[in-house]
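Asker: A structural model of the following input is requested.
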Amino acid sequence: MTSLRFLSVFTLLCGLLASGCQTRYSIGEISVAVVDLKPAGGSMLESRAVMTVRYFNENVVPIAFTSTTHKLYLNGTYVGKAVSNQAVGLPPASTTTQDVVVFFENTRLLTQLLDAGRSQSATYKLVSTLTYQKGDDTERVPAEATGTIDLGALAR
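Answerer: As a prediction, this is how the structure comes out:
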């Protein structure tokens, strides 16, 4: 009876030890927001702009993204995409910004928004994929944001 009890306790301890060695931590919420949108060159005819994106790390651990991808929608219509292989480091419970180049695929919509004249702002939706390395694996974190952005810098 004693050996059976010892074997049960030993098995339980081995199980706890083995499960502790294989702790799988998934990162929690990462939020994004568009801070600014301005021409990348001298004019909008280049069909690209510099978009400043703010990242919010709501985790208690630091995170380093190896690449980011962003799809930008203005007033509900897809206008372009930004891809960056520049690493982004986020300390725990903090924010940081990154400038990425957006290549516009729908310049006609941009022209219509800028020619409207009555308002230099538009609603945006940003759909992002943030990539980081977790050991030998590549993990992707989706993030989405909505808000209003001033297009005044693009109009000048």
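Asker: which residues does whichever helix or strand residue 153 is part of contact?
Answerer: If you go by DSSP states H and E, residue 153 is part of helix 152-155. Around helix 152-155, the neighbours that count as contacts under Cβ atoms under 8 Å, 6 or more residues apart in numbering are 36, 37, 38, 39, 44, 49, 110, 114, 120, 121. Glycine gets a C-beta too; all of them are placed from N, C-alpha and C.
Asker: quick one: buried residues of it?
Answerer: Using 16 or more other Cβ atoms under 10 Å as the test for burial, helix 152-155 gives residue 154.
Asker: ok, which stretches of this protein are strands?
Answerer: Ranges of strands within the chain are 30-39, 48-57, 63-65, 67-74, 77-84, 88-90, 94-104, 121-134, 137-150, based on DSSP state E.
Asker: now these in TSV, with mean neighbour count and mean pLDDT?
Answerer: Formatted as TSV, the strands of the chain follow (neighbours: other Cβ atoms under 10 Å; pLDDT from 0 to 100):
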stretch	mean neighbour count	mean pLDDT
strand 30-39	17	93
strand 48-57	20	95
strand 63-65	17	93
strand 67-74	20	96
strand 77-84	18	94
strand 88-90	18	93
strand 94-104	16	95
strand 121-134	17	93
strand 137-150	13	93
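Asker: residues in contact with the closest residue to residue 56 other than its chain neighbours?
Answerer: Using Cβ to Cβ, 6 or more residues apart in numbering and skipping residues adjacent in sequence, the residue nearest residue 56 is residue 31, 4.0 Å away. Counting by Cβ under 8 Å, 6+ apart, residue 31 touches 55, 56, 58, 143, 145.
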